[in-house]
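> okay, here's the prediction I keep looking at, along with the sequence it came from:
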Amino acid sequence: MRVIVVGGGVVGTMHAWQAVQRGHEVVQIEREAEARGASLRNFGQIWVSGRAGGEELDTALRARELWERIGAEVPGLGFRANGSLTPVRTDREYAVAEAALARPDAAARGYKLVTADEARQINPALRGAFEAALWCERDAAVEPRTAQLHLREALKATGRYTFLPGREVREVTGPGAVRDDHGDVHRGDAVVLATGAWLSGLVRELVPDLPVRRVRLQMMQTAPLGERLTTSVADADSFRYYPAYKSPALDALNAGQDQAPTAAAHKMQLLMVQRQDGGLTIGDTHEYEHPFAFDTLEDPYEHLTGVVEGFLGRPLPRIQRRWAGVYAQCTDTTRVVHRQQVADGVWLVTGPGGRGMTCSPAIAETTANELGW
């Protein structure tokens, strides 16, 4: 079988990986010289802890298993089973963490409520003031800026994979066939359009009423911390954002403890992961209304800096990079992904929301199984 994958981000690359692993030939087409979207502009988190139960959690857990397996084959991914800690500072925040332990799937997520001293044994860099922390053992991380590069190198080594950058697919020309802006037609037994947040052009022509929206976020990265951050770190505002924490305790938190004004205005939470070079990737904000602003705002960065310094008990290293990113999210946020046959032999796979890096291996595996690869 010959598979054409359109899109060089992590969802597209994982579809290429699934096809090659099953013995097929793959041509992957990317409109940029390298993927530059949400697949690079993210935390690199394999984030199981906050996922909704049912299909979403099952997908995340399967993806976590696949990431670990692929990471063993491709060490350059930098896969590490680092887990995460969410420090809590108030009784209401503690109650939400405690409610999470009562979930029937708490053990599958690796939830444990630990004291501040126990949290510091797990992650000694957390020297700031907090009362306890929710430990999530199943969370993990990879290096988002380089993951696709290393995956492609492994794919190329099989001899059944071709990467074609700098080509924009413009037209479906027949069953399993597309034409790019160079005039070349690429034919296969199946075409997967994994175009991420690029929902215009061909995608709009094929699906005018696509139930997917775009979301913009701001993030930053620091100079090396100078010590190891052994886990990913979130703050209690993440309880408000992730569906796994829905409970009467969360309702009480929302009703009785306001977010900081900046956090509320920008729909913020803290997520933080240390990169292999020692720097910290920190975010994020959420913007849903179009058209998006073209500039980044300083207030969210100042808010995040204060939250991180409170947990670390020390000044944050110098900020080296600031950026904004855009990802695609199903308008029905309970759906893991939008997967649709849009022409004979052509499927569109998009809209995983903030779950793209976490869930992409399992999303691609499901596509492969459903298409009979």
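Noted; the coordinates are in hand. Numbers count the residues shown, from 1 in each chain.

> going by C-alpha atoms from here, please, whenever you check contacts or count neighbours.
OK.

> what mean pLDDT does the host helix or strand of Ala107 get?
For Ala107, the element it lies in under DSSP states H and E is helix 106-109. Helix 106-109 shows an average pLDDT of 96 in the prediction.

> equivalent analysis for stretch 228-238, please.
Rounded mean pLDDT across stretch 228-238 is 98.

> for it, give me every contacting residue.
The contact list for stretch 228-238 (C-alpha atoms under 8 Å, 6 or more residues apart in numbering) reads 45, 82-88, 93, 122-125, 140, 259, 268-274, 278.

> coming back round to it: same for the next helix or strand after the helix holding Ala107, what does it pack against?
Using DSSP H and E, the helix or strand that follows helix 106-109 in sequence is strand 111-115. Secondary-structure packing of strand 111-115 (3 or more C-alpha pairs under 8 Å, 6 or more residues apart in numbering; DSSP states H and E): helix 91-101, strand 132-136.

> one step back: now the contacts of stretch 228-238: which count as buried?
Buried residues within the contacts of stretch 228-238, counting neighbours by 16 or more other C-alpha atoms under 10 Å: 45, 82-88, 93, 122-125, 140, 259, 268-274, 278.

> what about the residue nearest to Val273 when sequence neighbours are not counted, distance to Leu134?
Nearest in space to Val273, with sequence neighbours left out and distances taken as C-alpha to C-alpha, 6 or more residues apart in numbering, is Ser232 at 4.8 Å. Shown here: Ser232 relative to Leu134, a distance of 12 Å by C-alpha to C-alpha, to the nearest Å.

> mutual contacts of these two, please.
Leu85.

> ok, the two, which is more surrounded?
More neighbours surround Leu134 than the other of Ser232 and Leu134, with 29 against 26 (other C-alpha atoms under 10 Å).

> just the buried residues of the helix ranked longest in the chain, please?
Longest helix in the chain, counting residues (DSSP state H): helix 55-73. Across helix 55-73, burial judged by 16+ other C-alpha under 10 Å covers 56-64, 66-68, 70-71.

> can you give me the helices in the stretch 201-350 of the chain?
All helices of the stretch 201-350 of the chain, identified by DSSP state H, counting those that start in this stretch, fall at 202-206, 237-241, 248-256, 261-265, 298-312.

> look up phi and psi at the closest residue to Leu77 other than its chain neighbours.
In this structure, Leu77 finds its nearest non-sequential neighbour in Ala147, 4.9 Å apart by C-alpha to C-alpha, 6+ apart. For Ala147, the backbone dihedrals are phi -60, psi -50 (criterion: degrees, to the nearest 10).

> help me confirm that Ala147 comes into contact with Gly76.
Yes. With contact defined as C-alpha atoms under 8 Å, Ala147 reaches Gly76; the gap is 7.1 Å.

> switch the buried residues of helix 55-73 over to JSON lines; also include distance to Ala236.
Below are the buried residues of helix 55-73 laid out as JSON lines (distance: C-alpha to C-alpha, whole Å):
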{"residue": "Glu56", "distance to Ala236": "21"}
{"residue": "Leu57", "distance to Ala236": "20"}
{"residue": "Asp58", "distance to Ala236": "24"}
{"residue": "Thr59", "distance to Ala236": "24"}
{"residue": "Ala60", "distance to Ala236": "21"}
{"residue": "Leu61", "distance to Ala236": "23"}
{"residue": "Arg62", "distance to Ala236": "26"}
{"residue": "Ala63", "distance to Ala236": "25"}
{"residue": "Arg64", "distance to Ala236": "23"}
{"residue": "Leu66", "distance to Ala236": "29"}
{"residue": "Trp67", "distance to Ala236": "27"}
{"residue": "Glu68", "distance to Ala236": "27"}
{"residue": "Ile70", "distance to Ala236": "31"}
{"residue": "Gly71", "distance to Ala236": "30"}
